[in-house]
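K.L.:
sequence and predicted structure, then a few things I'm wondering about:
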Amino acid sequence: MAGSAAVPTASAAAHPRLTDSGTTGSAAVDSGTVDSGTVEERRLDRAAPQEILRRSGFDTVATEFARALERSGSYARAEHVVARQGARLWRRAVDRAQGRGPAGGDLSRDDDRPLYWARLGMTREVRQWTPRFGLTDAQRTGLLDALEQTSRGRQDIHWPCAKGLKRILVTGFDPFTLDQDVRTSNPSGATALALDGTTIRTAHGPARVETAVFPVRWQDFADGTVERTLRRQLPRVDLFTTVSQGRVGRFDVERTNGAWRGGYPDNENVSRTGTVPVTGTVPVTDPASQPQWTTTTLPYARIVAADTGRFPVYDHTSVTEIPAGGTDPVVRPDGPTPGSTARTGGGGDYLSNEIAYRATLLRDRLGLHDSLPGGHVHTPVLEFGTGNTDPATGTVTDPGFVRNRLDIIAQVRSILTVAADAGAPGISGTARTRD
């Protein structure tokens, strides 16, 4: 998800309903009316998503959720149902990925897609629900927000109070570019499911990993979903890494993140171009004080030098900037120059760059730059196997596809181990807030 560096060039013509409006992709909703569904939800009825749900046993999630909603009888009860069912979906996806409980079908357990498509089935049920007691638009929005929070692991981040236990926070993303290939999986989301609640053995003792998954939607980021999730957690962790899918055949530790949105369409086919909006979401009261660039504090040299797995790992330093006093974008292989304006960070100008920028800016504004290692890691593109690359004729999975995903997950785990072993500031465990 590295924007111009990793995502094919897109145009409005190639993306029907592409707009700069924050509401496109779903029908307009008047007070108390029922939404016809979002762009994401309407993809749910295609053959591949239905097969993914069926072959994982997640095909009954939405209908069971709808029945529970119908029995709720009041808004307060509906809130409880949504929170409980959302959390149950997240835990079921994590358990499946980590080999607990029934597989539910022959789709490999490491697959992140059942969670994505089942969640959309649930949001569609909320959007189309017409309870007897009546539901205002504000209440429906509240239910959708609760479902997003609970089904993405954001309210499932718990740190055991064991002495000497380090804390590592990892985030991933939903699948994206689904109009190009609706079969798409995102290895960062799969990694989040595989590592959530697990323990990594490091040179400094055991480390607990907690994870969350974010949507590929510009508006959610503008609304502060990243900061709402991370603000309480960053002072409590010893290491954090935002993870997304990037370039073919390689991992990248992104050295610099830029404050620019390049406009590539999100999962709602909405585009955004301009400075990353952070006023009101991080401690930036004066927009003029917002930096154009933020930097990683991950031990990138140690990570790059280590043998972490099958794919090469790069310290990626290149950015695109408008130099101070200039007007045209210039590629800088060694990073930004003083006073420049961001046009792409190391991770591009899409939401992977933006989550890296937001997370590291929040780290800095919380006064943690010198004590908390954190930054962004791009995984290789998750590719289908030979002979299964055409979305028009291909199957939803194949042995090469599964092997690629498992190798990426294992290598992220190794990268986290190296980062924790590096003994960077904050990994001692003494500087972090404990609760």
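P.N.:
Ah, there it is.

K.L.:
can you give me the helices in this structure?
P.N.:
39-43, 47-54, 61-70, 75-97, 113-128, 137-151, 187-195, 218-222, 225-230, 300-305, 351-365, 399-421 (DSSP state H).

K.L.:
most tightly packed of those?
P.N.:
helix 187-195 (a mean of 28; mean count of other C-beta atoms under 10 Å). (C-beta placed from N, C-alpha, C; glycine too.)

K.L.:
contacts for it, please.
P.N.:
1, 93-94, 96-98, 110-112, 115-116, 153, 170-175, 209, 211-213, 243-245, 379-380, 382, 404-405, 408-409, 412-413, 416 (C-beta atoms under 8 Å, 6 or more residues apart in numbering).

K.L.:
helices or strands up against the lengthiest strand in the chain?
P.N.:
Looking across the chain with DSSP state E, the single longest strand is strand 205-214. Helices and strands touching strand 205-214, by 3 or more C-beta pairs under 8 Å, 6 or more residues apart in numbering; DSSP states H and E, are strand 166-173, helix 187-195, strand 199-202, helix 225-230, helix 399-421.

K.L.:
those into JSON lines, with extra columns for distance to residue 262 and mean pLDDT?
P.N.:
JSON lines is the format used below for these (distance: least, C-beta to C-beta, whole Å; pLDDT from 0 to 100):
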{"stretch": "strand 166-173", "distance to residue 262": "16", "mean pLDDT": "98"}
{"stretch": "helix 187-195", "distance to residue 262": "19", "mean pLDDT": "98"}
{"stretch": "strand 199-202", "distance to residue 262": "34", "mean pLDDT": "95"}
{"stretch": "helix 225-230", "distance to residue 262": "18", "mean pLDDT": "96"}
{"stretch": "helix 399-421", "distance to residue 262": "25", "mean pLDDT": "98"}
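
K.L.:
so which of the ones you listed gets nearest residue 264?
P.N.:
Comparing the helices and strands packed on strand 205-214 against residue 264 with C-beta to C-beta, the closest turns out to be strand 166-173 (13.5 Å).

K.L.:
and the closest residue to residue 133 other than its chain neighbours, how far is that from residue 366?
P.N.:
Excluding its sequence neighbours, the residue lying closest to residue 133 (C-beta to C-beta, 6 or more residues apart in numbering) is residue 74, at 5.9 Å. Taking C-beta to C-beta, to the nearest Å as the measure, residue 74 falls 39 Å from residue 366.

K.L.:
neighbour count winner among these two?
P.N.:
residue 366 (15 against 11; other C-beta atoms under 10 Å).

K.L.:
look up phi and psi at the more buried one.
P.N.:
phi -90, psi 0 (degrees, to the nearest 10).

K.L.:
test my guess that it contacts residue 233.
P.N.:
No: in this structure, residue 366 is not within contact of residue 233 by C-beta atoms under 8 Å, at 10.6 Å.

K.L.:
and residue 307, how many neighbours?
P.N.:
So residue 307, with other C-beta under 10 Å, has 7 neighbours.

K.L.:
residue 394 touches residue 383, doesn't it?
P.N.:
No: at 11.4 Å, residue 394 does not count as touching residue 383 under the criterion of C-beta under 8 Å.

K.L.:
which one's more surrounded, those two?
P.N.:
residue 394 (17 against 14).

K.L.:
now do the contacts for the more buried one.
P.N.:
Residue 394 neighbours (C-beta under 8 Å, 6+ apart): 183, 384, 388.

K.L.:
these two touch, right, the second one and residue 403?
P.N.:
Right, residue 384. No: counting by C-beta under 8 Å, residue 384 stays clear of residue 403, with 11.0 Å between them.

K.L.:
test my guess that residue 158 contacts residue 211.
P.N.:
No: assessed by C-beta under 8 Å, residue 158 is found out of contact with residue 211, at 11.7 Å.

K.L.:
quick one: which of these two has more around it?
P.N.:
More crowded of residue 158 and residue 211, by other C-beta under 10 Å: residue 211, with 28 against 9.

K.L.:
where's the more buried one relative to residue 240, distance?
P.N.:
The value you get for residue 211 to residue 240, if C-beta to C-beta is used, is 11 Å.

K.L.:
mutual contacts of those two, please.
P.N.:
Common neighbours of residue 211 and residue 240, counting by C-beta under 8 Å, 6+ apart, are 169-171.

K.L.:
pull out the buried members of the residues you listed.
P.N.:
169-171 (16 or more other C-beta atoms under 10 Å).

K.L.:
thank you, goodbye.
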